[in-house]
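1. Got a predicted structure plus its sequence, pasted below:
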Amino acid sequence: MAVAAVTPRVRTIVICDEVTASLTEPDVFTLDGVRLRLEAASVPCLTNVSVFLLLASARRGSYSGKLVIVNDRTDRAIRYVKLMAKFGQDSELLPLVVEIAGCEFPAAGLYRFEVYFSARGNEALKGEHPFHVTMYEE
């Protein structure tokens, strides 16, 4: 069976300024500053980014993965964050918040947030989200 078939699916990728879990209700989150792009006064641009992922798995278990931010122009990674998704039961949805402090975008342009999961020594790209960095114009 291919690695893509046995690893979690990425149902949702949301890039935002901050993700806050509800203090009173489980599995409820407030996504503040949801972003389709980042307007920077200058580049390189240093910022904090939160990524909200909604994952699904047909099988319970723990899965290792990574989130990679890739400069689309150069096809080079600018940031790499390890992930661990733990599903307690079959056919479960799992919210996962990835906080990326001090993320530096070196130039204006298109970037990709890519999510990979691994199994049996192989990895599969499970989701990607485009993200534009533009220069602020007055």
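-> Thanks, I have the structure now. Numbering: from 1, shown residues only.
2. Would you mark the buried spots in the strand or helix carrying Val98?
-> For Val98, the host element (DSSP states H and E) is strand 92-105. The neighbour-count criterion (16 or more other Cβ atoms under 10 Å) identifies Glu92, Leu94, Pro95, Leu96, Val97, Val98, Ile100, Cys103, Phe105 as the buried residues of strand 92-105. Glycine gets a C-beta too; all of them are placed from N, C-alpha and C.
3. Pipe those residues into a markdown table and attach distance to Gly61 and pLDDT per row.
-> Shown next, in a markdown table, are those (distance: Cβ to Cβ, whole Å; pLDDT from 0 to 100):
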| residue | distance to Gly61 | pLDDT |
| --- | --- | --- |
| Glu92 | 10 | 94 |
| Leu94 | 11 | 96 |
| Pro95 | 17 | 97 |
| Leu96 | 15 | 97 |
| Val97 | 20 | 97 |
| Val98 | 20 | 97 |
| Ile100 | 26 | 97 |
| Cys103 | 30 | 95 |
| Phe105 | 35 | 97 |
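4. any chance of the residues you listed in TSV, with distance to Val68 too?
-> Formatted as TSV, these follow (distance: Cβ to Cβ, whole Å):
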residue	distance to Val68
Glu92	25
Leu94	20
Pro95	20
Leu96	15
Val97	17
Val98	11
Ile100	11
Cys103	12
Phe105	14
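5. out of these, who's nearest Phe29?
-> Lowest distance from Phe29 to the buried residues of strand 92-105 (Cβ to Cβ) belongs to Pro95, with 6.4 Å.
6. so what's the residue lying closest to that closest one once chain neighbours are set aside up against?
-> Nearest residue to Pro95 in three dimensions, chain neighbours excluded: Leu54, at 5.7 Å (Cβ to Cβ, 6 or more residues apart in numbering). Contacts for Leu54 (Cβ atoms under 8 Å, 6 or more residues apart in numbering) come out as Val10, Arg11, Thr12, Leu93, Leu94, Pro95, Leu96.
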